[in-house]
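> Mind looking at a prediction? Sequence and model below.
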Amino acid sequence: MALDIVNPADGTLITTVPVTSADEVGEHTADALAVFRSGVWSGLAPRERAAALVRLATLMERDAETLARLDCEDAGKPITECRDGDVPGAIESIRWFAEAADKILGATGATPADVVAFTEREPFGVVAAILPWNYPLAMAAWKIGPALAAGNCLILKPADATPRSVQHVAALALEAGIPEGVLRVVTGDGPTTGAALAADPLIGALSFTGSTATGRSILTAAAASNFKRVSLEMGGKSPQVVMADALGYGDALIDGIVEAAFLTAGQNCTAGSRVLVHESILDEVVARLAAAAQALVVGDPRDPTTQVGPVVNDAAADRILAAIGASIERGARAVAGGAEVRVLDGGRYIAPTILTNLDADDPILTTEVFGPVTTVQTFATRDEAIAMANAVDYGLQATVWTLNMADALVMARAIEAGVVSVGAYSEGDLTVPFGGWKQSGFGGAEKSLAAFHQWTREKTVWIQLPT
Ligand code: ADP
């Protein structure tokens, strides 16, 4: 079996890659365990692993343009986003976790005088990550850094459509001197290759980024096999809460909301897909957002002037257009976009869309669209804004736009999300954890030293001293 890798820009076939069968996945995990136990990687001093990871980051820098092009072609992401965002971000992740390799500390217990007890964090052995298609390289780097720094052997399954940047990094890992078999890539689809990883008895920890439905089946498979530690980063319906004083941010307010809504054509788990605006400034905010959305350049993702590229495939385009159409039928108004745009034959492009006048029961207000679509709703009080922000099953990210410190702090506490940012659309940088609440996931399992909790397990050593 093979998968076609198709360029979303124009539907052309780039290459095909094999679907790794369940039996082959089993061979990989057994082999990875042998590599782990051999000590070629796990037995190195943390500083030696760090040095190899730094070499990998340097090689990624050398090949930055290739990596950017591969993600642009496979995922249809604008080349500028890949060059300026994903690739430098991935390199920085590898470096950050390399530097952290010898800073994974244990603790000493407050034991009686005749006992010494301490804890240490040890690698699992074989670990795996199932990756999404929208940030192929960036998500791989979030896993490679901490999983390898801790001494594990890592198996990456890129999304069906976007394997090539991850394959390239695996080749660079060998060039960097990371021993063969420590980092491996298995291409394939979810039901065959992904499901085999989720059910594998040798994998100690598995990180998943993707849809909530798939996350649920992965957790079930983990429970039915070996209770591997699972981290889940899934969907979102992130609010952008615009308080009455938010116009004080000037252009940063509109730029931030537009970026939140339309980065990667809105195909982003933290997409700011719900704008909640104080009723006193509704008209001005909507008018400025509509103008900014209409000014975005929709085009061929390989063109550096393009800001919004295609959606990933026909099924996604049909789903997004159906969601927009259903809302309009219920009375919603598209103040920007609302329709498909013709750019290149074979590609599916949707104009950045802003919907107002929504029916309170419209499903688009609570379901993830995963496309260039955002809704606008109004509120009158802070409490109402908090209730609306929390009125979804997801809890990944939220932004509060206010210059009032009390409002900012009260809302940062009250909003149910793994990341709440104030005054900027942000997921934070590498120094702070990232992850969702509620049906978006289990909380901050990515980035920062917190990532090592996913990729290591704690051991207590208890030593009774002879008396
Ligand atoms: P999307 O709908 O955005 O593609 P998915 O959750 O389907 O999100 O895919 C995210 C990743 O999960 C991909 O690598 C995909 O191959 C994988 N995947 C899909 N279904 C399964 C499954 N049943 N078990 C394990 N992995 C899966």
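Structure's in. What do you need?
> Enumerate the residues of the stretch 101-250 of the chain near the ligand.
Contact residues, the stretch 101-250 of the chain versus the ligand (Cβ under 6 Å from any ligand atom): 130-133, 157, 159-160, 189-191, 194-195, 198, 210-211, 214, 217-218. All C-beta spots, glycine's among them, are computed from the backbone N, C-alpha and C.
> Which members of the residues you listed are positioned in strands?
130, 157 (DSSP state E).
> among the residues of the stretch 101-250 of the chain next to the ligand, which ones are buried?
Neighbour counting with 16 or more other Cβ atoms under 10 Å marks 130-133, 157, 159-160, 189-190, 194-195, 198, 210-211, 214, 217-218 as buried within these.
> Could you say which helix or strand holds the closest residue to residue 85 other than its chain neighbours?
Nearest residue to residue 85 in three dimensions, chain neighbours excluded: residue 138, at 7.8 Å (Cβ to Cβ, 6 or more residues apart in numbering). According to DSSP states H and E, residue 138 maps onto helix 136-149.
> ok, the nearest residue to residue 342 once chain neighbours are set aside - contacts?
Distances taken as Cβ to Cβ, 6+ apart put residue 349 closest to residue 342, at 7.3 Å, once the chain neighbours are dropped. Contact partners of residue 349, counting by Cβ atoms under 8 Å, 6 or more residues apart in numbering, are 298, 299, 308, 309, 310, 311, 340, 341, 342, 343.
> Show the pLDDT at residue 349.
Here, the pLDDT recorded for residue 349 equals 98.
> Bridging across strands, which residues link to it?
For residue 349, the beta-bridge partners are residue 341 (DSSP bridges).
> Under a three-state scheme, what state does the residue lying closest to residue 432 once chain neighbours are set aside occupy?
Among residues not flanking residue 432 along the chain, residue 448 sits closest, at 5.4 Å (Cβ to Cβ, 6+ apart). Per DSSP: H, G, I helix; E, B strand; the rest coil, the secondary structure class of residue 448 is coil.
> just checking, residue 448 touches residue 427?
No: using Cβ atoms under 8 Å, residue 448 is not in contact with residue 427; the gap is 11.7 Å.
> between those two, what contacts are shared?
residue 434.
> surely residue 296 meets residue 354?
No: counting by Cβ under 8 Å, residue 296 does not reach residue 354; the two are 11.2 Å apart.
> Show me which of the two is the more surrounded one.
Neighbours around residue 296 and residue 354, counted as other Cβ atoms under 10 Å, are more numerous at residue 354. The numbers are 27 against 19.
> mind checking how far that one is from the ligand?
23 Å (Cβ to the nearest ligand atom, to the nearest Å).
> residues near residue 162, how many?
For residue 162, the neighbour count with other Cβ under 10 Å is 28.
> confidence score at it?
On the pLDDT scale, residue 162 gets 98.
> Correct me if wrong, but it is in a strand.
No: counting by three-state DSSP, residue 162 is not part of a strand but coil.
> Next, the contact list for it, please.
Contacts of residue 162 (Cβ under 8 Å, 6+ apart): 5, 71, 74, 75, 131, 133, 136.
> got a list of contacts for the helix or strand where residue 71 lies?
Secondary structure assignment for residue 71, by DSSP H and E: helix 64-75. Helix 64-75 is touched from outside by 5, 7-9, 14, 60, 77-79, 82-83, 86-88, 90-91, 133-134, 136-137, 161-165, 168-169, 301-302, 312, with contacts defined as Cβ under 8 Å, 6+ apart.
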